[in-house]
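**Student:** Provided below for reference: sequence and predicted model.
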Amino acid sequence: MSSSLTPVAKSAGHDFIAKQCERFLRTCALLNDRVPELLFSRLSQWLLDSGAAGLALFLAFQLRFDGAVPLRYRSLMLTWLAGIVVLRPVCIWLVGAYASIWRYFNLRDLFALSLGAALPSVMLLFARIALARTFPVMAVPMSIVLIDLGLFLLLAATLRALRRAGFEHSRITTAHRRRALLLGTGDTLAAGVRQVSLQGDIELVGLLSPDKKLHGRTIAGFPVMGLRDALPAVLVNHFVDIVFIAEAKLDGIAEIVQATTQFGAEVRLLPSAANIMQGDVRISAQLNPEHVLTGPNPSLEKPRPEIVSGFGGRDVLITGAGGSIGSEISRQVSRLGANKTILLDRDENSIFELQNELSEIVSPSKIVAIVGDIRDRHQLQLIFERHRPEVVLHAAAFKHVGMMEQNPCEAVLNNVIGTRHVAELAIEFKAKRFVMISTDKAVRPTSVMGATKRVAELLVRRLATSTNGHSSQIACVRFGNVVGSRGSVVPIFLRQIAAGGPVTITHEEMTRYFMTIPEAVQLVMQASTLASNGTIYTLDFGDPLRITHLAHMLIEMSGLRPNKDIKIQFVGVRPGEKLHEQLWYEECQVTPTAFARVLAVEGQPVPSIEGELKELEQLALARQDDSVLQLLRNMPIDFRAETPTAMIA
């Protein structure tokens with residue numbers, strides 16, 4: 001390493017040696033990059049060791065006889081050369097030394113290499129002692145056997161060390177390297193140096209330890225200095241960017257962190273394996289909510305031709321485009337090559353961010369971002385008049401159960417009246433398709449949110465079956481819980497885990513249907529292409545999942561232990577919540593469709609609710625919360641506000 005990498009002064013001689021070592025390592029790295037990977041195959045390694053074995057034996061004879069091998073030993077040398085080039089690699093293979101990877105060569109690998117290399121030497125010594133008188137070919141001088149073994153180990157170990165040195169040095173990047181200090185004890189410093197040396201963007205400038213026996217010594221070529229006295233000086237003099245602490249039990253970590261941050265450097269804990277196994281440090285993973293159900297690489301089906309033709313080249317309006325579901329719908333619609341993707345949401349920040357994201361998608365789709373409210377019928381009419389959307393995907397809704405229990409009038413105005421505005425205008429302006437995103441909470445609702453979504457389903461179905469001769473295909477699609485959406489239980493659990501717990505669950509036996517956002521939206525896109533006249537579609541969510549089991553999974557996937565590292569606390573069922581959700585009524589007929597995971601729910605009559613709708617709108621506009629609740633209970637939607645005890649029973 002060059003002198004700039006060490007925090008102590010060196011003599012001119014030491015500096016010259018360091019520069020030559022650095023030059024040699026650069027040469028190794030250059031060869032490592034330019035030599036074909038084929039050279040590092042097992043066969044190539046076998047041939048290199050075979051050549052080293054032959055060269056070692058030849059040199060052993062030359063050294064033993066000062067370069068003038070007697071004539072009677074020359075034939076003996078040639079005979080053993082022919083055998084050793086095969087026998088030595090075979091013995092190394094028998095002890096499993098060729099299973100090691102040369103670029104990670106270490107002392108354990110050197111021991112295995114030595115064991116394999118020693119076997120032929122032991123065999124040769126035995127033959128020399130026991131059989132030399134009977135078989136003259138065995139009369140090899142014992143000194144040659146020992147010299148041969150030493151030379152071979154030197155040559156073979158050098159080949160492997162050069163491979164490792166070239167590999168490690170080739171990973172070093174000269175640009176944007178961060179200068180680092182490593183703090184720890186003897187064993188943890190040695191392990192830490194090995195870890196840090198593999199990071200090409202880290203430049204290690206020195207080691208610090210509280211162990212006085214190590215002061216003035218070197219580990220892997222880096223000097224070890226006193227921790228308390230040297231830390232401030234090294235931080236200032238060597239422009240340290242980051243300090244790695246390689247020992248979790250190091251005394252005074254708080255003071256070290258404070259001193260380091262005062263000088264503008266970052267601190268990172270680099271725990272040893274012993275620290276982790278003894279429980280001094282725990283590994284915590286950062287989870288993507290969708291990984292819980294799908295693993296790290298969720299796969300989606302390739303869009304079928306009818307989906308591509310259903311959206312390709314068309315003008316598509318997406319309400320609630322800034323939300324979790326609406327934004328994913330917008331992404332998939334844009335990727336399908338829609339002519340125009342109209343994003344409608346009243347949250348300007350969400351629309352702004354989504355517009356910027358979609359503008360980077362390689363797609364011919366034109367993005368139109370509109371800040372607006374589905375409750376404003378006049379604005380909606382202007383949007384339909386100007387853009388004439390052919391497909392309307394209605395995802396705008398108030399969906400948080402607890403919030404809507406406290407704001408029933410807002411739930412009615414948004415989920416019911418807003419839906420009516422969008423659906424009526426879609427029919428009036430002859431949109432080819434209208435799809436409303438509904439919820440499993442609309443089946444026998446026990447919450448205001450579920451009740452308003454049930455009313456919205458009924459009014460959409462009534463509009464679909466009206467006798468005004470419209471040609472729009474109208475459908476509803478019921479969702480379960482969507483992992484990763486705003487307010488979903490999974491992000492809430494992850495935040496609670498990150499904060500150290502507890503994870504709060506309303507009831508031990510509560511279950512929910514779950515699906516990832518991209519997966520659920522893909523099924524919505526499929527359902528939107530099906531012929532429908534007020535049909536309700538539901539998605540195949542599989543079996544419901546216990547919330548308690550989900551919490552256990554999330555805690556364990558974060559590298560922690562349920563009820564030990566993170567407590568699970570049951571807080572009781574909240575108003576409006578059900579213990580178990582349903583995707584359809586028992587009397588309904590559920591039939592498969594052209595898409596395997598999209599089911600059609602039919603067979604339930606649509607009651608007349610026009611009179612109640614007008615009264616519901618008037619009461620909601622007047623902000624009469626109690627009257628709105630009473631009217632919802634009186635409507636034919638099976639709405640019943642149950643107590644937690646009744647729901648659990």
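**Tutor:** Done, it's in.

**Student:** packing partners of the helix ranked longest in the chain?
**Tutor:** Ordering each helix of the chain by length in residues (DSSP state H) puts helix 142-170 first. The contact analysis (3 or more C-beta pairs under 8 Å, 6 or more residues apart in numbering; DSSP states H and E) places helix 142-170 against helix 12-34, helix 42-64, helix 107-131. All C-beta spots, glycine's among them, are computed from the backbone N, C-alpha and C.

**Student:** show me the shaky parts of the stretch 401-550 of the chain.
**Tutor:** Residue ranges of the stretch 401-550 of the chain with pLDDT under 70: 467-470, 484-488.

**Student:** burial of the residue lying closest to Arg461 once chain neighbours are set aside, as a residue count?
**Tutor:** Closest residue in space to Arg461, ignoring its immediate chain neighbours: Gly534 at 3.9 Å, by C-beta to C-beta, 6 or more residues apart in numbering. Counted with other C-beta atoms under 10 Å, residues neighbouring Gly534 total 19.

**Student:** phi, psi for Gly534 please.
**Tutor:** Per-residue torsions, Gly534: phi 90, psi 10 (degrees, to the nearest 10).

**Student:** please apply the same query to Phe311.
**Tutor:** The phi and psi torsions at Phe311 (degrees, to the nearest 10) take the values phi -120, psi -30.

**Student:** which ones are touching the nearest residue to it once chain neighbours are set aside?
**Tutor:** Leaving aside its sequence neighbours, Phe311 sits nearest to Leu336 (C-beta to C-beta, 6+ apart; 4.2 Å). Going by C-beta atoms under 8 Å, 6 or more residues apart in numbering, Leu336 touches 303, 307-308, 311-312, 525.

**Student:** what about the residues you listed, which are in helices?
**Tutor:** 307-308, 311, 525.

**Student:** just the closest of those residues to Val401, please.
**Tutor:** Nearest to Val401, judged by C-beta to C-beta, of the ones in helices among the contacts of Leu336 is Met525 at 26.5 Å.

**Student:** if I look at that closest one, how far off is Gly312?
**Tutor:** According to C-beta to C-beta, to the nearest Å, Met525 and Gly312 sit 12 Å apart.

**Student:** and Thr158, by the same measure?
**Tutor:** 63 Å.

**Student:** same check on Leu189?
**Tutor:** According to C-beta to C-beta, Leu189 and Gly312 sit 61 Å apart.

**Student:** what do you get for Leu344?
**Tutor:** 21 Å.

**Student:** what's the farthest-apart pair in the ones in helices among the contacts of Leu336?
**Tutor:** Val308 and Met525 (10.0 Å).

**Student:** more neighbours: which of those two?
**Tutor:** For Val308 versus Met525, the count of surrounding residues by other C-beta under 10 Å is larger for Met525: 23 against 15.

**Student:** hmm, back to that, of Leu189 and Gly312, who's got more company?
**Tutor:** Leu189 (25 against 16).

**Student:** test my guess that that one contacts Ile219.
**Tutor:** Yes. The pair formed by Leu189 and Ile219 meets the contact definition of C-beta atoms under 8 Å, at 5.3 Å.

**Student:** overlap in contacts of these two?
**Tutor:** Common neighbours of Leu189 and Ile219, counting by C-beta under 8 Å, 6+ apart, are Leu207.

**Student:** save the contacts of Leu336 as TSV, and put in distance to Asn634 too.
**Tutor:** Output for these, formatted as TSV (distance: C-beta to C-beta, whole Å):
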residue	distance to Asn634
Pro303	45
Ile307	41
Val308	46
Phe311	41
Gly312	46
Met525	37
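
**Student:** which two in the residues you listed are spaced the farthest apart?
**Tutor:** Gly312 and Met525, at 11.9 Å, using C-beta to C-beta across the contacts of Leu336.

**Student:** just the strands from the stretch 351-500 of the chain, written as ranges.
**Tutor:** Assigned by DSSP state E, counting those that start in this stretch, the strands in the stretch 351-500 of the chain fall at 366-371, 391-394, 433-439, 473-479, 481-483.

**Student:** redo the ones you listed as CSV? Include distance to Tyr98 and mean neighbour count.
**Tutor:** Formatted as CSV, these follow (distance: least, C-beta to C-beta, whole Å; neighbours: other C-beta atoms under 10 Å):
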stretch, distance to Tyr98, mean neighbour count
strand 366-371, 58, 17
strand 391-394, 60, 27
strand 433-439, 60, 26
strand 473-479, 56, 25
strand 481-483, 46, 25
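
**Student:** out of those strands, which gets nearest to Ala423?
**Tutor:** For Ala423, the closest of the strands of the stretch 351-500 of the chain is strand 433-439, at 5.9 Å, according to C-beta to C-beta.

**Student:** direction included, what does the closest one pair against?
**Tutor:** Strand 433-439 sits in its sheet next to strand 391-394 (parallel), strand 473-479 (parallel), going by DSSP bridges.

**Student:** now for those strands, which one comes closest to Val243?
**Tutor:** strand 473-479 (48.6 Å).

**Student:** I figured Leu146 hits Val122, correct?
**Tutor:** No. Look at Leu146 against Val122 with C-beta under 8 Å: they stay out of range, at 11.2 Å.

**Student:** name the helix or strand of the chain that has the lowest mean pLDDT.
**Tutor:** Taking mean pLDDT, DSSP states H and E as the measure, the helices and strands of the chain show their lowest mean at helix 644-648, namely a mean of 39.
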